[in-house]
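Pasting a predicted model and its sequence here:
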Amino acid sequence: MDGIPNNNENDNKNLKECNKEEEEVKEMAPGSSTPIHRSSSRPQLDVSRAAIQGNFEERNPTILLPNQSDDISHLALDIGGSLIKLVYFSRHEEHSADDKRKRSIKKRFGISNGSRRSYPILGGRLHFVKFETGKLNECLDFISAKQLHRGGLDSPSWPSGTRPEDNTIIIKATGGGAYKFADVFKERLGVSLDKEDEMDCLVAGANFLLKAIRHEAFTHMEGQKEFVQIDQNDLFPYLLVNIGSGVSMIKVDGDGKFQRVSGTNVGGGTYWGLGRLLTKCKSFDELLELSQQGDNSNVDMLVGDIYGGMDYSKIGLSASTIASSFGKTISESKELSDYRPEDISLSLLRMISYNIGQISYLNALRYGLKRIFFGGFFIRGHAYTMDTISFAVHFWSKGQAQAMFLRHEGFLGALGAFMSYEKHGLDVLRAHQLVERFPMGAPCVGGKIHGPPLGDLNEKISWMEKFVQKGTEITAPVPMAPPGTTGVGGFERPSSRGNALRSDASAALNIGVLHLVPTLEVFPLLADPKMYEPNTIDLSDHSELEFWFMVLSEHLPDLVAKAVASEGGTDDAKRRGDAFAHAFSAHLARLMEEPAAYGKLGLANLLELREECLREFQFVDAYITIKQRENEASLAVLPDLLIELDSMNEEERLLALIEGVLAANIFDWGSRACVDLYHKGTIIEIYRMSRKKMQRPWQEDDFDMFKKRMLGCGDKKPPPHGRALLFVDNSGADVVLGMLPLARELLRRGTEVVLVANSLPALNDVTANELPEIVAEAAKHCDILRKAAEAGGLLVDAMVSVEHGLVDNSASVPLMVVENGCGGPCIDFRQVSSELAAAARDADLIILEGMGRALHTNFNARFRCDALKLAMVKNQRLAEKLFNGNIYDCVCRFEPAGEQLQHNFS
Ligand SMILES: CC(C)(COP(=O)(O)O)[C@@H](O)C(=O)NCCC(=O)O
Ligand SMILES: [Mn+2]
């Protein structure tokens, strides 16, 4: 595209000029700390005042508290000997407006609010937080400051008969501390702890996680973490080993069906207790960190120590096998102070981990169990601990049994206690209804003991500022220790030492907040949902991760500038912009350091993480002005384009339409190359130039096949498709000059068209909320669009009639808009909105447009209906990777339904 002239004498304004203008306008806005404008697409909750909140779905109003954006419904505790684990639920207010478009779509596709009423707390978030039991007061302060104990009282979700008559607050709790500290909770918070059995809770928590969270379980061998996909139908039986202060081993046969088969008193408490006495460490984490620098052979007696440096190969023990933990200390006349605390810590860690691994394996053997899941806070994501346990299981089972670990390892009991609030529906949630997010800032993030609760955005930003001041540590990768050797038989040193612990700040990001979204569904047109993998690029390939890390890092300054400008360029916006940049950089750094830190992450997740991070710092729509400007410019030339298209015959027109979609897909503010291009001309110039370059054959060119399906050959005219789902991408030319004319052609041929757009903004993608206005503008110049939009309930006047059932739908096939359920530039078809799922049921054609939806994700996806994938590749490396091609190559991939099915059944 280098040939695009730098010529802006006519047509619209140069984009660069427009940007400048936009900034000037924004600077004139009053510089208050109140954000100046917020997109109406995502109303913000006013967190500044307490108020009674009436919710039309609930009988009893809920109370919004000062500086608190969520209505807390439930809290559950697991109070162990060492740690207190909290799981709390916050109902997320239904922000997205129940607008006319939505109502009309719900009516048309027969979607009801259905099950929400019977499961009162569904639709919200689960947070995971922990405190040291020794610092109970911090935990009580946290609960009190966030008023976590009060929300449930006012919620209708108290199961019948359990809502206390005298308004005593009752909180579910498990673990010994539920008994031990019951009085303290009563005194300090006025709450009664309703004790739940610890084993029941552990099992309920583990079963929930293993069934509902897609990448919950993983193996960890020689430093390599690998996520395991658990088949819900093939989960039981398994051995659950919970390593808390002590260790429980539970054979789990089903939901609520289990038996505690064994345990050991040598557990996390032993490590910490002995470690504290022997090393003077102040905390468990400090002790663990110390082990990183340890050499246990200074303390342990090895086989080689006994055999004069030789292996005892006859029974398969190498010289470096530990013969006796701490054994060396008996033969030396040294004092405790003569030993390095680092060595002591490592020796202890290995002793206890091996012991647990060995006993676990023996119990698995005893009951014929192949899978062992390890949980409990002893593990705390520590690579060396996991490797040591895995090594023991592997060694003793001769590779027959496998140790697996859980991402929410420490919260099994608390989660189980939470689930014991009767019938709130958590147990029926499925993987596709749960979205894990990784917000920045204590205490939203799990797995970490945190300081004061963060009530509002301001606190979060200050925390971010402090966090960053303190920590080059968050961006500096933790140095890797050289891999240890693995010998022939015994307990050699697992190789992942040194790769395990990171600074406090980044370690806090291990597990996220679980968003429960009951309206998400699996896209019904996926050919094989179980085999479906949305991401095309595998980020577990480190060079790919590095490349995308670099792309995203380089894009960051420009994104921050856009985001700040979109919020009026105020000081408040600048401060939030900085906080966002630091937060996102910290996420990237964390992932570079430990790619599996957030579970199995693909490029789509990374791109969505960026959008989520923007939203976290309340940037509602960073590209709003650019989108509006490009929409206007494109709508202005649409009538001429339609006239030009109408002058063509059917065949020419179809080709021109597909060319038009591909050419207009160049307007992508997420691509660095394209953004550089925009400085070289106006929107219309760039569009024209892009069209001129549309020479066939394209890099992937199934146009002739698509044409045959659409127009037939000779006299044989195929029937039109019944309903097409058009997954639109960017605002401006992309949707107005590319996808709308294609939609119009389908409508003209008698095909119902559903425009599928993002639920939330992402880069310059058009959203479902924005589309009706764009369509309405376009419809002013086109009868086909107008009639179809009226029939589809898209035009405001017509929508009133639709609601009263007055519209004559027979006049035209309808044009409709549905939201896809996404807030990123890609799409994961395992989690789409119920609107889209409903619209898909009668669809026989889907058209995926753009790099995010058709290349980064779904390039290899198979559907049960005809599928057309259209995109321009706007990144050189991706073009090379996908088909040895070049930047600006185009893809027109058509996969007819018949072929999909053949693929599936052959
Ligand atoms: C974020 C995107 C997938 C959006 O592309 P689109 O779906 O709009 O075609 C794309 O802009 C992208 O991959 N950008 C990063 C690569 C780059 O800057 O070259
Ligand atoms: Mn896009």
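Cool, got the structure. Ligands and ions are numbered 1, 2, ... in the order given.

My understanding was that Ile322 contacts Gly304; is that so?
No - taking contacts as Cβ atoms under 8 Å, Ile322 lies outside contact range of Gly304: 10.4 Å. C-betas here are computed from N, CA, C, even on glycine.

ok, the two, which is more surrounded?
Applying other Cβ atoms under 10 Å to Ile322 and Gly304 shows that Ile322 carries more neighbours, namely 24 against 19.

Any residues of the stretch 451-600 of the chain in contact with ligand 1? List them.
Residues of the stretch 451-600 of the chain lying close to ligand 1 by Cβ under 6 Å from any ligand atom are Val551.

how about a cut-off of 8 Å?
Residues of the stretch 451-600 of the chain lying close to ligand 1 (Cβ under 8 Å from any ligand atom) are Trp548, Val551, Leu552, Glu554, His555.

Just the buried residues of those residues.
Burial by neighbour count, 16 or more other Cβ atoms under 10 Å: within these this picks out Trp548, Val551, Leu552, His555.

Which of the three states applies to the second one?
When you say that, I think you mean Val551. Following DSSP: H, G, I helix; E, B strand; the rest coil, Val551 is assigned to helix.

contacting residues for the closest residue to it other than its chain neighbours?
Using Cβ to Cβ, 6 or more residues apart in numbering and skipping the chain neighbours, the partner closest in space to Val551 is Arg672 (7.1 Å). Residues in contact with Arg672 (Cβ atoms under 8 Å, 6 or more residues apart in numbering) are Val551, Glu554, His555.

Local confidence estimate at Arg672?
Looking at Arg672, its pLDDT stands at 92.

Please apply the same query to Asn12.
pLDDT, Asn12: 43.

Can you list phi and psi of the residue located most distally from the centre of the chain for me?
What lies farthest from the middle of the chain is Ser333; by Cα atoms, centre = their mean that is 55.7 Å. Per-residue torsions, Ser333: phi -90, psi 60 (degrees, to the nearest 10).

Over to the one 5 residues further on?
Taking degrees, to the nearest 10, you get phi -80, psi -10 for the backbone angles of Asp338.

Count the neighbours of it for me.
By the criterion of other Cβ under 10 Å, Asp338 has 10 neighbours.

and what of Ala791?
23.

For it, report the pLDDT, please.
With respect to pLDDT, Ala791 has a value of 93.

From Glu198, how far off is the spatially closest residue to Tyr238 that is not a sequence neighbour?
Leaving aside its chain neighbours, Tyr238 sits nearest to Arg371 (4.5 Å; criterion: Cβ to Cβ, 6+ apart). Going from Arg371 to Glu198 by Cβ to Cβ, to the nearest Å gives 22 Å.

Equivalent analysis for Leu287, please.
Note on Leu287: its distance to Glu198, by Cβ to Cβ, is 25 Å.

Over to Ala789?
Computed as Cβ to Cβ, the Ala789 to Glu198 distance reads 59 Å.

Among these two, which residue is more densely surrounded?
It is Ala789, of Ala789 and Glu198, that has more neighbours when counted by other Cβ under 10 Å, with 26 against 22.

Give me the residues contacting the helix or strand where the more buried one lies.
Applying DSSP states H and E as the criterion places Ala789 in helix 783-791. With Cβ under 8 Å, 6+ apart as the test, helix 783-791 has contacts from 740, 743-744, 747-748, 753, 772, 775-776, 778-780, 795, 798, 807, 809, 811-815.

Quick check: closest non-adjacent residue to Met221.
Counting by Cβ to Cβ, 6+ apart, Met221 lies nearest to Ser390, which is 5.1 Å off, once chain neighbours are set aside.

correction: His555
Leaving aside its sequence neighbours, His555 sits nearest to Arg672 (Cβ to Cβ, 6+ apart; 6.3 Å).

before we move on, what about Met694?
Leaving aside its chain neighbours, Met694 sits nearest to Glu659 (4.3 Å; criterion: Cβ to Cβ, 6+ apart).

For ligand 2, see how far away that neighbour is.
The gap separating Glu659 from ligand 2 is 19 Å, by Cβ to the ion, to the nearest Å.

do the same with Asp701
From Asp701 to ligand 2 the distance is 22 Å (Cβ to the ion).

what pairs with the closest residue in space to that residue that isn't next to it in sequence across the strands?
Of all residues beyond its chain neighbours, the one nearest Asp701 is Cys892 (5.6 Å), with distances taken as Cβ to Cβ, 6+ apart. Beta bridges link Cys892 to Asp701, Leu870 when assigned by DSSP bridges.

Number of residues surrounding Cys892?
Cys892 has 23 neighbours, counted by other Cβ under 10 Å.

Please verify my assumption that it contacts Met705.
No - applying Cβ under 8 Å as the test, Cys892 and Met705 come out as separate, 9.4 Å apart.

what are the phi and psi values for Leu434?
phi -120, psi 130.

which SS class is Ala403?
For Ala403, the assignment made with three-state DSSP gives strand.

Tell me where the stretch 651-800 of the chain has helices.
Assigned by DSSP state H, counting those that start in this stretch, the helices in the stretch 651-800 of the chain fall at 672-678, 683-692, 703-711, 733, 740-748, 771-779, 783-791, 796-803.

got CSV for the residues of the stretch 451-600 of the chain next to ligand 1, with pLDDT too?
Converted to CSV, these look like this (pLDDT from 0 to 100):
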residue, pLDDT
Trp548, 96
Val551, 96
Leu552, 96
Glu554, 95
His555, 95
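
I'd assumed Gln628 was in contact with Asn764.
No - with contact defined as Cβ under 8 Å, Asn764 does not reach Gln628; the gap is 10.4 Å.

what about the residue of the stretch 101-250 of the chain found nearest ligand 2, distance to Arg108?
Closest approach between the stretch 101-250 of the chain and ligand 2, counting by Cβ to the ion: Arg101, at 21.0 Å. Using Cβ to Cβ, one obtains 11 Å as the distance from Arg101 to Arg108.

what does Ile213 give?
Separation of Ile213 from Arg108 (Cβ to Cβ): 34 Å.

can you tell me the distance between the two ends of stretch 842-853?
Taking Cα to Cα, to the nearest Å, stretch 842-853 runs 21 Å from one end to the other.

Looking at strand pairing, list the partners for Leu516.
Beta-bridge pairing of Leu516 under DSSP bridges involves Gly124, Leu434.

wait, doesn't it sit right on Arg91?
No - using Cβ under 8 Å, Leu516 is not in contact with Arg91, being 9.5 Å away.

and for these two, which residues touch both?
Gly123, Gly124.

Cys865 and Leu525 touch, don't they?
Yes - Cys865 lies in contact with Leu525 (Cβ under 8 Å); the separation is 5.5 Å.

Report the set of residues contacting both of those two.
Common neighbours of Cys865 and Leu525 (Cβ under 8 Å, 6+ apart) are Ala843, Ile846.

hang on, the earlier thing: can you tell me how far the residue nearest to Met694 sits from Thr751?
Glu659 sits 20 Å away from Thr751, going by Cβ to Cβ.

tally of neighbours for Ile315?
A total of 10 residues lie near Ile315 under the criterion other Cβ under 10 Å.

Now do it, the pLDDT please.
What the model reports as pLDDT for Ile315 is 74.

And for the one 10 residues further on?
Confidence at Ser325, expressed as pLDDT, is 95.

Next up, the contacts around it.
Contact analysis of Ser325 by Cβ under 8 Å, 6+ apart lists Val299, Asp300, Ser347, Leu348, Arg350, Met351.

Any idea how many residues pack against the fourth one?
Think Leu348. By other Cβ under 10 Å, neighbour count at Leu348 equals 25.

element containing it?
If you go by DSSP H and E, Leu348 is part of helix 341-366.

can you pull the buried residues of that helix?
Neighbour-count burial for helix 341-366 flags 341-361, 363-364 (criterion: 16+ other Cβ under 10 Å).
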